[in-house]
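Trainee: Using only what follows, build the 3D model:
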Amino acid sequence: MSSSSSLLALVRLTRPHQWVKNVFVFAGLVFSQSWENAVLDLRVLQAFAAFCCASGLVYILNDWHDRASDALHPVKRNRPLASGAVTAASALLLAAALLAAGIFLAAGNRTLLLLLALYVVLNMAYSWWLKQVPVVDVSIIAAGFMLRLLAGTVAVGIPPSRWLLLTGIFMTLYLGFCKRKAESFQDEASQRAVMAHYPTALLDTFIATTMTATLTTYSLFATSPEAQLQHSERLLYTVPVVIFALLRYTYQVHRGRGEDVARDLLRDAWLLGAGVLWLAIFLSHRF
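Mentor: Got it, this is the predicted structure:
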């Protein structure tokens, strides 16, 4: 294998397309409108980079642990470790480098270091054990998003909004159950073991409940005195956009998409358009 192919395989091993999930780190900076503070900008960027290193580390260790079973899977056998494109030694060396980089980026910030450590521990527990426990598995996924959100608020000195935190909790649970719903469309041989404990009707109930809670808490956040003080009435006008985006994503999930949240969010033109519209409304005072 050429050096360029080996390098590409190592990059694939870290699943960089999944780094889009780490944008949750920027939520506190965006909603507090603190982006003109260069010091805070640098702290949040460091937190984002640290979580990219941590998530890459987790994916590598997960693939290293599951390389034998992945080699027998009809889709996962194409992963770099399972296919033999990357050796176990090279993968572990890259994991060590990412661990060192993450610690370096979070050095001097004990809160961020603690959140990173919790993220890695929770995800390793998920990958090696808890992904087999119904509801707990999705709760761990949601916890990973919440740790990102806290890293971009508490860890860098931005007071988090209670409604924003609640919105984050319910939205991440919603995305987690949507992921399980999308996986239910796979043939049984490709499904993870925990899917045997998720009847279709139960997943639909979980999705409906968490989507409703997300819309409720986001609407309360958008109309709260805190939001009105910081954003005037702009956030209120984003509520219909959020409703459309959640309904559209739920539609896509029921078509069998949504297993890979990051990739599916990026490949649907309507969802991308909703994101652009939300951003345009949010930043309208700048135009």
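Trainee: So which elements touch the longest helix anywhere in the chain?
Mentor: When the chain is scanned for its longest helix (criterion: DSSP state H), the result is helix 38-65. Helix 38-65 is packed against helix 3-13, helix 27-31, helix 80-83, helix 88-106, helix 110-128, helix 136-151, with contacts defined by 3 or more C-beta pairs under 8 Å, 6 or more residues apart in numbering; DSSP states H and E. For the C-beta atoms, the positions are set from N, CA and C on the backbone; glycine is no exception.
Trainee: ok, now with 10 Å
Mentor: Under the contact criterion of 3 or more C-beta pairs under 10 Å, 6 or more residues apart in numbering; DSSP states H and E, the helices and strands touching helix 38-65 comprise helix 3-13, helix 27-31, helix 67-70, helix 80-83, helix 88-106, helix 110-128, helix 136-151.
Trainee: Kindly calculate the angle that it makes with helix 136-151.
Mentor: Interaxial angle of helix 38-65 relative to helix 136-151 (axes from the mean of the first three to the mean of the last three C-alpha atoms, to 10 degrees): 150 degrees.
Trainee: Could you give the separation of helix 38-65 from the chain centroid?
Mentor: In terms of C-alpha atoms, centre = their mean, to the nearest Å, the centre of helix 38-65 is set 12 Å apart from its chain centre.
Trainee: Quick check: phi and psi at residue 210.
Mentor: Dihedral angles phi and psi of residue 210 (degrees, to the nearest 10) take the values phi -70, psi -30.
Trainee: and if you look at residue 153?
Mentor: Residue 153 adopts backbone torsions of phi -120, psi -80, taken as degrees, to the nearest 10.
Trainee: And the spatially closest residue to it that is not a sequence neighbour, how far from residue 130?
Mentor: Of all residues not flanking residue 153 in the chain, residue 28 sits nearest, at 3.5 Å (C-beta to C-beta, 6 or more residues apart in numbering). Distance check for residue 28 against residue 130: by C-beta to C-beta, to the nearest Å, it reads 27 Å.
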